[in-house]
Structures are given as structure tokens and as C-alpha cells.
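Chemist: Sequence first, predicted coordinates after that:
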Amino acid sequence: MHYEASLPNDFSISPDCALLFAGTFAETVTTQSPRVTHFFNGRIDSPSITTVGPEGGVIVHYDFARNISEDSIIDTSGGGHHGRLINAPTRGVRGYNWDASEIDWTKAKYGYGAIHFHEDDLDDAKWETDFTVTLPSDIRSGIYAVEVQSTNGKTSDMITFIVRPTATASLHDPGKPKVGLVLSTFTYLAYANDKLSDPERPSSSATGAALCEVTLYPSEDMSRQLRRRDIGLSTYDTHNDLSGTVFSTAKRPITNFRPGFISYGLARPRHISTESMMIGYLERENIPYGTITDHNLHKYGASALAPYNTVITGGHPEYLSFEIYDAYENYAKQGGNLMYLGGKGRSGFLSGEHQLVSVLGMERLPKQCGQADRQCHQGVLEKRSITVHGHVLGDPREADAYFYHVHGLYH
């Protein structure tokens, strides 16, 4: 797209103003600064502002093919008007000059300089803090929640969080846990706030996205997931422009991250509510245990598993990063006992984006997708197998053979 306008005065960019892509400012009476609205759905590649005439030149020129693994965008004009991306739009997608000569953006010299913006992208909900909770330094690891009630007392909710083992807690734990339970937090994020029960969405489970026939069981959990459209999508949903959702963030309320959550398609607990049942079993049997998360394994590797003689996987450890896989492998090779108690485990490899792994990145390969996935993630399935950090997705190692047959791991 090319746009020209005649200006009566010299053109310059004030350091006090912001140049927006994929949105415009709108004044609001509720905040002192303008809010952004009129969001754009689509791709933008190599935007620039130039002047013409005897002294014409380039004011700004952004090369979106640079720093694809980051949230920064680079002005190559020399003016230094660099910017940053908000809410993690999809980078490294096919641009105006893509010609299929290279499917790996980390190797391509051109063709992947576009960014796909969506009006329903979300990286950080930025909710204001209403209260804080200070936990004892010697608190046991496990799943905890703060229960909040509405002012009229007619409804309540549980703000759930996970506490990992600490050195201080271990000193105060007479049981010295020898069993570690891994909570599949990467899988929780992949399904976070999914809208698969919405029959109006192309990514509805009714289209086959669940890879089987699904009977919906209406519940308050299902109702909450459907009506809260402001807190983002799961990686199983499509954006409003029907392109696939690549990122899922933990920086938002997650309605299906609750100990008592009941699946709308299974009419039983799923994910963290299933793990809560295992914790109940360990408690009833007086088996000392510690809880670990995928995030811990991704960051700390096998050292997070080292204190335990036996490590139990969660009920649905579907998604791993390479770092998590290596943690399991190294732990087993060092003599640890792994108990695989999950279903549909390690089906896909993910990329933990950003330093704190608060955002999960997933791009589906054609061989990983059912018919509905091919339909619903048509914006993602463009022969892309590389994450924003350059990792190859899929099954590059024979993980099945390792997980199910050697190193004392039970299936």
C-alpha cells in the first residue's frame, strides 16, 4: 500500500508523540492518556515514511525481519525511532516478497519480514493489583488458591497459584519428600481460556478440533470461558480473522486454571483439577511429595528433579520444551525413577518465549494437525516449522521410544 499527502509545513516526528501501527489513539474520559482502539487485523511488512521534493528523504523505515525473536522493532533510517510490540503479534510470517524458496526464517535472506497483527492478541492483561498475599518462607510446595467473593456474596472464584519447593521449606519438612509430582503448566497454558465449546467459532470442538465427537456438558466453568472474551485465547482457538493463535500468556486470569474445574467436553476434572486428585491421593496415603512445574524444568533442568527418588508426570503432559525433555532424560540417566502416568503425553514441542517463560509459543505442523486444525489454523500452516527462537518443532528425536521403553519409565 502506498499513500501520499501534501503537507503545508516541514515534516518531522516529535519525540513526545507515538507512531502507531495496527491501531489508532482514541481519547477517553477514564484515563489521562489516550487509549488505543480501531485495531487492524492483517499483516504489515517494511513500513516507511518518506518525503519527496528537492530535499526529500526517508523519515523512518522499519525492518520487521530484524529481531524476530524479540518485541523490539528497528528503524533502519538512521533516525533512531525504534519501537516495541504490544501483546505479542505473530512475527516471522510470510511477507510481500515471499517466494517459497526457504521455509526456515532463520536461514532466509528475505520473505519473512511481515508481522501479523490481531485485534484479539494478548500478552499481558495488565490488571491492576487489588491485594497482595505474603506466603510463609517455609510453606510446603503445592497448589494453592485465594478465594474471593462478590460483594453481594452470591458468587466466588479461586485465584490459583503454585508454590515450588524451596530450601527453607525443605528444612521445615520432617517428611523430606522423595516423590516429585510434575504439574504440566505448559499444557495448562496451551489450553488456557480455550473457546472450543463455542459453536459460533470456527475452532469449535464441534468441527472436530478435539479429534473426536464431543458432547458438551454446560456448566458455570463453560459459561465463564465463553463470556470472558477480554482475557485472551488458547493455542487451540482462532483469532477473529480466522488465523491461528500462536501465543498463550500466563499474565491474565485463566478461567480453566482452577482446582475444581470441570471440562465441558468430558464432564470430569481436567489438567490442574486432575493433578489435584493425585495430590489428594498422596495426602491420604501420607506419601511425602514435592510439586514441580514444567516452568521449573524448563528453567532449572534436571536439578529440579534431583532431590527426588521418584518423579511422577501429570495426567496430561502433552507439551514439552526441549529443555524439559532434556531434564527428564538426564534425570533418568542419572538413576532416577520416572513414572509416566499421563495420557497423550509429549505430543508437541513448544518454545517458552521471553525470559520468564510467561508466554508460550506454539505453531502447529501439518502432521500434528487434524482436519479441523488444518482448517482453523490455516494462517499458521504455511510450511512453518520454526519457533520465534529458531527451534524446530515436531518430533526431531524418537521421544516415544525413550519415554515408554527405557530408563525405568512406566506407561
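Modeler: The structure has been received and is ready for your questions. These numbers were taken from a predicted model, which means no experiment stands behind them. Residues are numbered from 1 along each chain as shown.

Chemist: need the strands for the stretch 1-150 of the chain, in chain order.
Modeler: 24-26, 35-37, 42-45, 48-50, 58-63, 72-75, 83-84, 90-93, 114-117, 142-149 (DSSP state E, counting those that start in this stretch).

Chemist: Turn those into TSV, columns for mean pLDDT, distance to Asp99 and mean neighbour count.
Modeler: Every C-beta, even on glycine, is put in place using the N, C-alpha and C of the backbone. Shown next, in TSV, are the strands of the stretch 1-150 of the chain (pLDDT from 0 to 100; distance: least, C-beta to C-beta, whole Å; neighbours: other C-beta atoms under 10 Å):
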stretch	mean pLDDT	distance to Asp99	mean neighbour count
strand 24-26	79	33	12
strand 35-37	81	34	12
strand 42-45	95	14	18
strand 48-50	88	22	14
strand 58-63	92	18	18
strand 72-75	94	23	16
strand 83-84	93	28	12
strand 90-93	91	14	24
strand 114-117	96	14	22
strand 142-149	93	50	14
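
Chemist: Indicate which one of these is closest to Ala250.
Modeler: Closest approach to Ala250 among the strands of the stretch 1-150 of the chain is made by strand 142-149 (15.0 Å; C-beta to C-beta).

Chemist: can you pull the contacts of Thr50?
Modeler: Residues counted as contacts of Thr50 (C-beta atoms under 8 Å, 6 or more residues apart in numbering) are 56-59.

Chemist: brain fart, Gly232
Modeler: Contact partners of Gly232, counting by C-beta under 8 Å, 6+ apart, are 120, 122, 125, 192-193, 248-249, 252.

Chemist: Just confirm it is within a strand.
Modeler: No - read with DSSP: H, G, I helix; E, B strand; the rest coil, Gly232 is coil and lies in no strand.

Chemist: Need the pLDDT of the residue nearest to Lys344 when sequence neighbours are not counted.
Modeler: Once flanking residues are discounted, Lys344 sits nearest to Glu318: 5.3 Å by C-beta to C-beta, 6 or more residues apart in numbering. Note for Glu318: predicted pLDDT of 86.

Chemist: Point out where this protein drops to low pLDDT.
Modeler: Scanning the chain with the threshold set as pLDDT under 70 gives 1-15, 27-34, 167-176, 203-214, 345-411.

Chemist: where exactly do the strands run in the stretch 251-400 of the chain?
Modeler: Counting by DSSP E, counting those that start in this stretch, the strands of the stretch 251-400 of the chain are 289-293, 310-312, 319-320, 337-339, 348-349, 351-353, 359-361.

Chemist: Any idea how far stretch 52-59 is from the middle of the chain?
Modeler: 43 Å (C-alpha atoms, centre = their mean, to the nearest Å).

Chemist: List the buried residues of it.
Modeler: Ile59 (16 or more other C-beta atoms under 10 Å).

Chemist: Contact partners for Ser263?
Modeler: Residues near Ser263 by C-beta under 8 Å, 6+ apart: 217, 269-270.

Chemist: what's the closest non-adjacent residue to Lys109?
Modeler: Nearest non-adjacent residue to Lys109 (C-beta to C-beta, 6+ apart): Glu102, at 7.8 Å.

Chemist: Just confirm the one you found contacts Gly111, I think it does.
Modeler: Yes - counting by C-beta atoms under 8 Å, Gly111 is a contact partner of Glu102 at 6.7 Å.
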